[in-house]
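A.B. asks: what shape does this take:
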Amino acid sequence: MIWNSWGDFFAMGGYGLYVWGSVVVAAGCIAGELFALGRRRKAILAALYQTKVVRNKHAGAGDGAGT
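C.D. replies: Sure thing, here's the model as predicted:
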């Protein structure tokens, strides 16, 4: 398809609303997934850190040093 102007390009032969709407929805879904992925990663790292801290506290308590 040959476009004579940027307006013709964005109109996409009358289907511009569907094309650009789909692009916006897809980009929003990808951005949302990246945001959720970052939050899940942060939560997992925090849980792993807490587990390591708790494990280290329990490991030190069982060494017979006055408990």
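A.B. asks: measure A47 to V53 for me?
C.D. replies: 11 Å (CB to CB, to the nearest Å). To be clear about C-beta, it is placed using only N, CA and C from the backbone, and glycine gets the same treatment.
A.B. asks: helix, strand or coil for the nearest residue to G16 once chain neighbours are set aside?
C.D. replies: Leaving aside its chain neighbours, G16 sits nearest to F10 (5.4 Å; criterion: CB to CB, 6 or more residues apart in numbering). Assigned state for F10: helix (three-state reduction, DSSP: H, G, I helix; E, B strand; the rest coil).
A.B. asks: F10 and S22: what is the separation?
C.D. replies: 14 Å.
A.B. asks: over to F35?
C.D. replies: 20 Å.
A.B. asks: and G38, by the same measure?
C.D. replies: Taken as CB to CB, the span from G38 to S22 is 25 Å.
A.B. asks: now swap in G32 and tell me
C.D. replies: For G32, the distance to S22 equals 16 Å [CB to CB].
A.B. asks: again with A36
C.D. replies: Distance of A36 to S22, given as CB to CB: 21 Å.
A.B. asks: C-alpha coordinates for stretch 5-19, CSV please?
C.D. replies: Output in CSV follows, covering the C-alpha atoms of stretch 5-19 (Å, rounded to 0.1, in the frame of the first residue of the first chain):
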residue,chain,number,x,y,z
SER,A,5,1.0,11.6,3.5
TRP,A,6,1.4,10.8,7.2
GLY,A,7,-2.4,11.2,7.6
ASP,A,8,-3.0,8.4,5.1
PHE,A,9,-0.4,6.3,6.9
PHE,A,10,-2.1,6.7,10.3
ALA,A,11,-5.6,6.2,8.8
MET,A,12,-4.4,2.8,7.3
GLY,A,13,-6.9,2.8,4.6
GLY,A,14,-9.8,3.3,7.0
TYR,A,15,-8.6,0.6,9.5
GLY,A,16,-6.3,2.9,11.5
LEU,A,17,-8.5,2.8,14.6
TYR,A,18,-8.2,-1.0,14.8
VAL,A,19,-4.5,-1.1,13.9
